[in-house]
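**Student:** A predicted structure for the sequence below; I have some questions about it.
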Amino acid sequence: MSDHLPEEKADRLGALYEEIRAAGGKFDRNDLATLAAVSITDADIHAICQDMMEVDTFLATQKGYGMLGITRSKRMAHAAMIVSNEYAPRGPVVDAASVSSTIAMIAAQEAAMCAVIISTSVSSANTAAHSN
């Protein structure tokens, strides 16, 4: 995805991760691929971090991102996806692919969250039914 040396890409990823943590953001290490995608752009790491924090603040006010919704770290991953779209090279094919893949990733994460909630509910109901 980038012509930079692997060491440069790793350094940028680490710098962005630390910048986000220093700014009070929370990023799950399981979502580092999402962060890596935005870190390999030619944009300034500080500017990327600021943009991600702004998007995260906005998403925090949206339905589904509250206390019982998507976790803070997943919300930050979604912010990274949105910001990476802004820093990606332009063109109709790239724009369509970015939007489609971002929507698909968010939908998949929400479907997984619903599956966990349903599974937990069924398990709890089953345990309660058999404990009497």
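**Tutor:** Perfect, thanks for sending it.

**Student:** How much space separates the residue nearest in space to the middle of the chain from Asp51?
**Tutor:** For the chain, the residue nearest the mean C-alpha position is Ala77 (1.0 Å; C-alpha atoms, centre = their mean). Going from Ala77 to Asp51 by C-beta to C-beta, to the nearest Å gives 14 Å. All C-beta atoms are positioned from the backbone trio N, CA, C, and that covers glycine.

**Student:** Repeat that for Arg12.
**Tutor:** 15 Å.

**Student:** the more surrounded of the two?
**Tutor:** Neighbour comparison, Arg12 and Asp51: the larger count goes to Arg12, with 22 against 19 (by other C-beta atoms under 10 Å).

**Student:** who touches the more buried one in this structure?
**Tutor:** If you count contacts by C-beta atoms under 8 Å, 6 or more residues apart in numbering, Arg12 has them with 4, 39-40, 45.

**Student:** Which among the residues you listed count as buried?
**Tutor:** 39-40, 45 (16 or more other C-beta atoms under 10 Å).

**Student:** May I see the buried residues of the helix or strand harbouring Glu18?
**Tutor:** Using DSSP states H and E, Glu18 sits in helix 6-22. Neighbour counts over helix 6-22 (16+ other C-beta under 10 Å) mark 9, 12-13, 16-17, 19-20 as buried.

**Student:** And the next helix or strand past it?
**Tutor:** Remark: after helix 6-22, the chain's next helix or strand is helix 32-39, criterion DSSP H and E.

**Student:** so that following helix versus helix 6-22, what angle?
**Tutor:** On the basis of axes from the mean of the first three to the mean of the last three C-alpha atoms, to 10 degrees, helix 32-39 is oriented at 100 degrees to helix 6-22.

**Student:** Would you point out the most distant pair within the buried residues of helix 6-22?
**Tutor:** The largest separation in those, counting by C-beta to C-beta, is between Lys9 and Ile20 at 16.7 Å.

**Student:** picking up where we left off before, closest to Phe27 among the buried ones among the contacts of Arg12?
**Tutor:** For the buried ones among the contacts of Arg12, the minimum distance to Phe27 (C-beta to C-beta) is 11.3 Å, reached by Ser39.

**Student:** quick one: contacts for the closest one?
**Tutor:** Per C-beta under 8 Å, 6+ apart, neighbours of Ser39: 9, 12-13, 15-16, 45, 48.
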